[in-house]
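Asks: From the sequence below, what's the structure:
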Amino acid sequence: MMSTFQNILKVHDLKKKLLFTLGAVCIYRLGAHIPLPGINVEALAQLMQQLKQQGSLFGMYDIFVGGALSRAAILFLGVMPYISSSIIFQLLGSVFPQIEKLQRDQAGRRKITQYTRYLTVGLAAFQAFGIAAYLEMQKFTTATGVQPIVYEPGWMFKFSSVLTLTCGAIFAMWIGEQITEKGIGNGISFLIFIGCLEEYPAYFFRTAQLVATQGLSIFHLIIIIVIMVLIVAAVVVMTQATRRIPIQYPKRVIGRRMYGGQSTFLPLRVNTAGVIPIIFAQSLVVFPSTVAAYIPSLKYLAELFRPGHWAYDIIFFVLIVFFTYFYTSIVFNPTELAENMKRYGGFIPGIRPGQKTADYVDGVLSRITLPGALFLGFIALVPWYMMSYLKVPFYFGGTTLLIIVGVALDTVQQIETQLLMHHYEGFMKKGRIKGRR
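Replies: You can find the predicted model right below:
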């Protein structure tokens with residue numbers, strides 16, 4: 001491992017990219033610790049802690065932005081408006097042929113990127129206004145009495161908050177794009193990855209305190225660590241799991257040279273949809289309890305849609321399975337794949353090109369998506385059961401774990417590729433690398 005890091009430092013381009021990524025992340029995290037003016041930060045932090053325990057929508061959002069919402073930081077919107085805009089255009093592409101046509105060529109994708117940025121600004125302004133109005137209405141009861149979240153509510157506070165938070169979202173989007181262009185990995189995903197890691201040092205410190213005060217036994221801690229290792233291993237396996245469909249390309253003679261004739265494969269991922277189904281499902285399932293917090297007559301919904309309640313678990317699980325199939329059908333088009341294969345003369349052995357190939361690929365994808373969907377449902381419910389039955393003193397699993405593992409694997413693979421291009425040994429052993437070649 002130490003030799004690998006030494007190899008990284010020997011590659012000038014890779015070292016430059018890593019340093020740029022590190023500097024950009026430091027700037028981003030600095031903005032996530034500068035609070036908005038006029039906010040009672042201590043009262044807000046206590047309120048957000050309570051909302052996280054209740055499984056509220058705001059508590060879920062705070063996890064994605066690395067606790068920036070609890071601090072009312074100027075970058076607490078983070079890259080979430082940009083992520084929402086990208087998903088919206090991806091969904092629109094499956095509905096409107098004009099947008100789907102733009103997504104196929106490079107010039108069209110540049111236009112889509114531009115439209116996504118414009119929509120990001122609109123969504124950020126809308127979300128900032130909603131958050132500002134929400135914070136004005138909130139009060140938190142402490143030992144010293146009822147404390148307001150906003151010291152001086154009014155239109156001036158709303159205007160300054162919307163302006164500051166919208167600019168912060170634009171800056172976060174720009175930072176992410178700069179990391180993608182000049183750093184390592186996908187910048188937007190990497191910023192979310194850093195945000196998800198934000199609270200883990202505090203989790204470890206809290207666990208060490210419990211062990212020191214005998215609030216958590218060593219035997220219990222060992223069991224928790226073993227289960228965590230097994231869960232992480234399962235997430236890694238499911239993230240990388242693929243079904244390989246063999247593809248054959250015939251030989252072609254162009255001029256005096258013969259091309260083609262090689263065999264390759266089509267890798268179909270078991271978890272094609274990634275973490276999007278959990279995000280969609282969680283946004284819907286926490287909505288009733290969020291609304292019930294403001295309407296006293298609907299308080300029964302808050303109890304019904306509480307993490308750990310059988311109704312919440314069943315609905316959450318079913319929604320994840322549904323959105324896994326739904327999003328997979330959007331991001332992967334078997335008909336378009338079959339047409340491209342037919343155009344270049346490729347075929348699956350034993351399957352006729354064209355519609356038969358599309359039907360075959362669609363059938364295989366439907367079958368392998370089921371275990372992926374069931375696993376997503378399992379990993380989304382794991383944190384609440386670990387905290388309830390194993391008494392784990394922190395949130396572990398779910399969307400954050402999938403994001404951390406997925407982005408970490410992608411970053412390691414990109415570093416590995418850069419090292420191999422310069423003929424250096426990477427994180428994997430030589431025998432495994434040669435086997436891949």
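Asks: and the longest helix anywhere in the chain, what other elements does it pack with?
Replies: Longest helix of the chain, by residue count under DSSP state H: helix 355-389. When contacts are defined as 3 or more CB pairs under 8 Å, 6 or more residues apart in numbering; DSSP states H and E, helix 355-389 packs onto helix 218-240, strand 242-248, strand 263-269, helix 276-285, helix 310-331, helix 334-343, helix 398-421. For every residue, glycine as well, the C-beta is placed using N, CA and C.
Asks: what angle sits between that helix and helix 310-331?
Replies: Here helix 355-389 runs at an angle of 150 degrees relative to helix 310-331 (axes from the mean of the first three to the mean of the last three CA atoms, to 10 degrees).
Asks: Helix 355-389: how far from the chain's middle?
Replies: Taking CA atoms, centre = their mean, to the nearest Å, the mean C-alpha location of helix 355-389 is offset from the chain mean by 16 Å.
Asks: Buried ones in it, by neighbour count?
Replies: Of the residues in helix 355-389, those buried by neighbour count under the rule 16 or more other CB atoms under 10 Å are 357-358, 360-362, 364-365, 368-369, 372-373, 375-384, 386-387.
Asks: Then stretch 106-118?
Replies: With the criterion 16+ other CB under 10 Å, stretch 106-118 contains buried residues Ile112, Tyr115, Thr116.
Asks: For that stretch, give me every contacting residue.
Replies: When contacts are defined by CB atoms under 8 Å, 6 or more residues apart in numbering, stretch 106-118 is touched by residues Tyr82, Ser85, Ser86, Phe89, Ile99, Lys101, Leu102, Gln103, Met173.
Asks: cutoff 6 Å now
Replies: Stretch 106-118 is contacted by residues Ser85, Ser86, Phe89, Leu102 when judged by CB atoms under 6 Å, 6 or more residues apart in numbering.
Asks: What I need now is those written out in a markdown table, including neighbour count for each item.
Replies: Rendered in a markdown table, the data for the contacts of stretch 106-118 read as follows (neighbours: other CB atoms under 10 Å):
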| residue | neighbour count |
| --- | --- |
| Ser85 | 21 |
| Ser86 | 17 |
| Phe89 | 18 |
| Leu102 | 18 |
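Asks: out of those, which one sits closest to Gly122?
Replies: Distance to Gly122 across the contacts of stretch 106-118 (CB to CB) is lowest for Ser85, with 8.4 Å.
Asks: Determine the set of other helices and strands touching the host helix or strand of the closest one.
Replies: When secondary structure is defined using DSSP states H and E, the element that contains Ser85 is helix 80-93. With contacts defined as 3 or more CB pairs under 6 Å, 6 or more residues apart in numbering; DSSP states H and E, the packing partners of helix 80-93 are helix 97-102, helix 106-137.
Asks: Let's have the ones you listed in CSV, adding mean pLDDT and distance to Ile224.
Replies: Below are the helices and strands packed on helix 80-93 laid out as CSV (pLDDT from 0 to 100; distance: least, CB to CB, whole Å):
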stretch, mean pLDDT, distance to Ile224
helix 97-102, 81, 47
helix 106-137, 86, 35
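Asks: Would you mind giving those helices as TSV with distance to Asp410 added?
Replies: TSV is the format used below for the helices and strands packed on helix 80-93 (distance: least, CB to CB, whole Å):
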stretch	distance to Asp410
helix 97-102	26
helix 106-137	20
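Asks: Go through these and name the closest to Leu301.
Replies: Scanning the helices and strands packed on helix 80-93 with CB to CB as the criterion, the closest one proves to be helix 106-137, at 18.5 Å.
Asks: Show me this protein divided up by domain.
Replies: As recorded under automatic domain parsing, the domains making up the chain are 1-191, 224-394.
Asks: can you list the ones you listed in a markdown table and add distance to Thr411?
Replies: Converted to a markdown table, the domains of the chain look like this (distance: least, CB to CB, whole Å):
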| stretch | distance to Thr411 |
| --- | --- |
| domain 1-191 | 4 |
| domain 224-394 | 13 |
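Asks: Which stretch among the ones you listed approaches Thr417 most closely?
Replies: Per CB to CB, nearest to Thr417 of the domains of the chain: domain 1-191, 9.9 Å.
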